[in-house]
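S.K.: Quick one, structure for this:
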Amino acid sequence: MHATSIRLLAQPTITRFGIAPRVAESAVRRILRQFQAEAHDPAVARAGRTPDEYLAAALPGPRFPAAVHSTALAFAGREAEAEALWDAHVKEEREAVQRAHLAVPPTTLLGNLEAIHNVGATLSLGPRRTERLVAGIVLTIAAGYKHRPRDMEHRSLTDLLSQVDAEELQTYLLHALLLEDGHREEADALTRAVLRHAD
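M.R.: So this is what the prediction gives:
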């Protein structure tokens, strides 16, 4: 990226936190490299996007400036501020996901607690453990939201959560259960089987 663009991206950090320009620009470069690496994730290609298209969508979002601010603060030796800022951003993201989940209609699986418990019971899971695992599953789905296919670009996270059916949730719960119980190889094998089926 051109030096002028780097300076423009660094300016909000310089202005807001009084960070030295050289430090802020170093933070921008670090986070740009991170986002560029994400842009070449196979999931991006599977979603029908090019790396440039991924970056065009990701850079204007809230995660990029939060990452730049936090990294610049850390580079400047202000680790406590950096950690607090990033924690606040993560909290906002989680709250946004929770709001999306709460908006799921009760006529769909993830909007119906009793139905969720019933799926968990098929794996001999109690209600409380099922709810805890489902909360993690929702966060995982949200993390993959940016990789949704082109034909689903217009769909909200709530829309995608509303589409999860009992078979999918059972698979997600089994995967989460295997990971939680330390059976990573079995969890990885399940992921590969699901991906083969999707292809």
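S.K.: Flag every buried residue along the helix of greatest length in the chain.
M.R.: Determined from DSSP state H, the single longest helix within the chain is helix 79-102. Residues 81, 82, 85, 86, 89, 93, 97, 100, 101 are the ones in helix 79-102 that count as buried (16 or more other CB atoms under 10 Å). Glycine gets a C-beta too; all of them are placed from N, C-alpha and C.
S.K.: Stretch 116-131 now?
M.R.: The neighbour-count check on stretch 116-131 (16+ other CB under 10 Å) flags 116, 117, 119, 120, 125, 129, 130 as buried.
S.K.: Which helix or strand in this protein has the lowest average pLDDT?
M.R.: Every helix and strand of the chain was ranked by mean pLDDT, DSSP states H and E. The lowest is helix 184-198, at a mean of 72.
S.K.: so how far is residue 162 from residue 114?
M.R.: With distances taken as CB to CB, to the nearest Å, residue 114 is found 17 Å from residue 162.
S.K.: who has more neighbours, those two?
M.R.: Using other CB atoms under 10 Å as the criterion, residue 114 and residue 162 rank with residue 162 on top: 19 against 8.
S.K.: Verify the stated contact: that one with residue 106.
M.R.: No - with contacts counted by CB atoms under 8 Å, residue 162 stays clear of residue 106, the gap being 10.5 Å.
S.K.: Poorly predicted segments of this protein, please.
M.R.: 1, 194-199 (pLDDT under 70).
S.K.: Quick check on the closest residue to residue 148 other than its chain neighbours: phi, psi?
M.R.: Excluding the flanking residues, the one nearest residue 148 by CB to CB, 6 or more residues apart in numbering is residue 47, at 6.2 Å. Torsion angles at residue 47 (phi, psi; degrees, to the nearest 10) stand at phi -80, psi 0.
S.K.: Please consider this matter closed, and thank you.
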